[in-house]
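Student: next come a sequence and a model predicted from it.
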Amino acid sequence: MSYVLFNNEIEKASKTGVSYSDRGFQYGDGLFETMISQNGTIRFLDDHIDRIKRGLKELQINFPSDFQDKEYIYDAFKALKKKNEIEGDCRIKLMIWRKEGGLYTPNNSNYYTLLSIQPFEKADSKKCLTVDYGESIKVPLTPVSFCKSLSSMTYTFAGIEKKTRALDDLILINYDGYLAETISGNLFWIKDKVIYTPKVAVGCVSGVARKNIIAHLELKGYKVRKVFARKAELMEADTVMTTNVTGVTMIKEIGEKQYKVVDAWKKVFEQAYD
């Protein structure tokens with residue numbers, strides 16, 4: 001039996017029933033953060049707090065004061081880890097959504113919270129991805145596209161397409177034809193030792209790992225360019241990869257185009273996680 005922290009109380013997950021009028025259920029009116037613990041610490045915690053705080057401000061949902069306190073988050077994480085009898089690193093999910101009231105137009109700014117954890121297993125570091133460009137859905141630019149919404153139909157459609165086409169992932173394009181992201185990660189590519197990634201203004205998630213990778217690369221003296229780019233520019237790349245808080249994964253093939261898998265570049269990016 002798994003346990004979660006629901007509105008600041010540890011409960012059995014099976015007991016946290018959702019009302020039919022719940023706005024998270026009815027409208028996806030809320031946000032979430034997925035975090036990874038690493039040797040007892042929560043990786044990039046400050047950045048996760050900042051991103052969801054900014055997103056909630058856009059949605060005009062109050063930000064819970066408890067979750068502005070890192071000590072409170074750590075205490076809750078440790079209590080859940082003990083209650084769930086989990087050893088080692090964890091995947092942690094924080095969800096915050098608006099309380100009941102109103103139809104499309106909400107009538108309050110109050111919230112529910114849920115913190116859950118599960119064991120985290122690193123992906124196969126040797127795995128490289130076979131991907132293609134998404135065809136069924138495009139990435140929209142919205143006031144909250146920079147963060148992770150409970151209403152994630154864009155990525156659900158993309159996931160269905162990925163499965164149907166028997167691919168490892170998809171590269172998603174926005175409505176103006178610019179490269180945006182992969183289904184669950186940010187996109188980077190390298191050409192002549194210059195590193196490129198789409199601007200957040202295309203509608204991609206402003207990844208926490210992306211932010212820290214860029215800062216690390218620039219600190220080390222690498223040239224990083226945030227760009228509006230189309231498929232043709234990616235066709236000219238030497239190396240392509242996708243990143244999220246779980247790690248860095250190399251892309252070996254996009255459609256019929258083959259790319260170099262350069263472990264040295266992967267290691268440079270992974271240093272940002274240490």
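Tutor: Happy to help now that I have it.
Student: dig out what Ile173 forms beta bridges with.
Tutor: Beta-bridge partners for Ile173, by DSSP bridges, are Leu179.
Student: wouldn't it be in contact with Leu179 here?
Tutor: Yes - using CB atoms under 8 Å, Ile173 is in contact with Leu179, at 6.4 Å. All C-beta spots, glycine's among them, are computed from the backbone N, C-alpha and C.
Student: find the residues that touch each one of those two.
Tutor: Listed as contacting both Ile173 and Leu179 by CB atoms under 8 Å, 6 or more residues apart in numbering are Lys231.
Student: list the contacts of Ala13.
Tutor: By CB under 8 Å, 6+ apart, the contact list for Ala13 reads 1-4, 116.
Student: next one: stretch 94-113 to chain centre, how far?
Tutor: With CA atoms, centre = their mean, to the nearest Å as the basis, stretch 94-113 stands 22 Å off its chain's centre.
Student: re earlier: neighbour count winner among Ile173 and Leu179?
Tutor: Leu179 (25 against 22; other CB atoms under 10 Å).
Student: and that one, how far from Asn186?
Tutor: In this structure, Leu179 and Asn186 are 11 Å apart, going by CB to CB, to the nearest Å.
Student: also Asp75?
Tutor: 31 Å.
Student: number of nearby residues for the nearest residue to Thr34 once chain neighbours are set aside?
Tutor: Spatially, and ignoring its direct neighbours in sequence, Thr34 is nearest to Lys93 (5.4 Å; CB to CB, 6 or more residues apart in numbering). Neighbourhood size, Lys93 [other CB under 10 Å]: 16.
Student: can you give me phi and psi for Lys93?
Tutor: When read as degrees, to the nearest 10, the backbone of Lys93 gives phi -120, psi 120.
Student: about what we covered before: between Asp75 and Asn186, which one's more packed in?
Tutor: Neighbours were counted for Asp75 and for Asn186 using other CB under 10 Å; Asn186 has more, 24 against 12.
Student: who are the contact partners of that one?
Tutor: By CB under 8 Å, 6+ apart, the contact list for Asn186 reads 197-198, 204-205, 207, 209-210, 242-244.
Student: give me the ChimeraX select line for the residues you listed, limited to the buried ones.
Tutor: To isolate the buried subset of the contacts of Asn186 in ChimeraX, counting by 16 or more other CB atoms under 10 Å, use the following:
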select :197,198,204,205,207,209,210,242,243,244
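Student: closest to Gly24 among the contacts of Asn186?
Tutor: If you rank the contacts of Asn186 by distance to Gly24 using CB to CB, Val205 comes first, at 19.0 Å.
Student: hang on, the closest one in a helix?
Tutor: No - applying DSSP: H, G, I helix; E, B strand; the rest coil, one finds Val205 to be coil, outside a helix.
Student: show me the contacts for it.
Tutor: 145-148, 181, 186.
Student: now the common contact residues for Leu179 and Asn186.
Tutor: Pro198.
Student: all helices for the protein, in order.
Tutor: For the chain, the helices defined by DSSP state H cover 23-27, 45-59, 70-83, 153-164, 208-219, 231-235, 263-270.
Student: figure out which of those is closest to Lys15.
Tutor: Judged by CB to CB, the one of the helices of the chain that comes nearest to Lys15 is helix 70-83, at 13.4 Å.
Student: identify all contacting residues around that closest one.
Tutor: So helix 70-83 is contacted by 3-5, 10, 37, 42, 45-46, 49, 66-67, 90, 92, 115-117 (CB under 8 Å, 6+ apart).
Student: quick one: the strands in the stretch 101-250 of the chain, in order.
Tutor: Using DSSP state E, counting those that start in this stretch, the strands of the stretch 101-250 of the chain run over residues 111-119, 128-133, 169-173, 179-182, 186-191, 194-198, 224-227, 239-244, 247-254.
Student: switch the contacts of Asn186 over to TSV; also include distance to Val261.
Tutor: Compiled in TSV, these are given as follows (distance: CB to CB, whole Å):
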residue	distance to Val261
Thr197	18
Pro198	21
Cys204	23
Val205	24
Gly207	21
Ala209	19
Arg210	20
Thr242	13
Thr243	15
Asn244	19
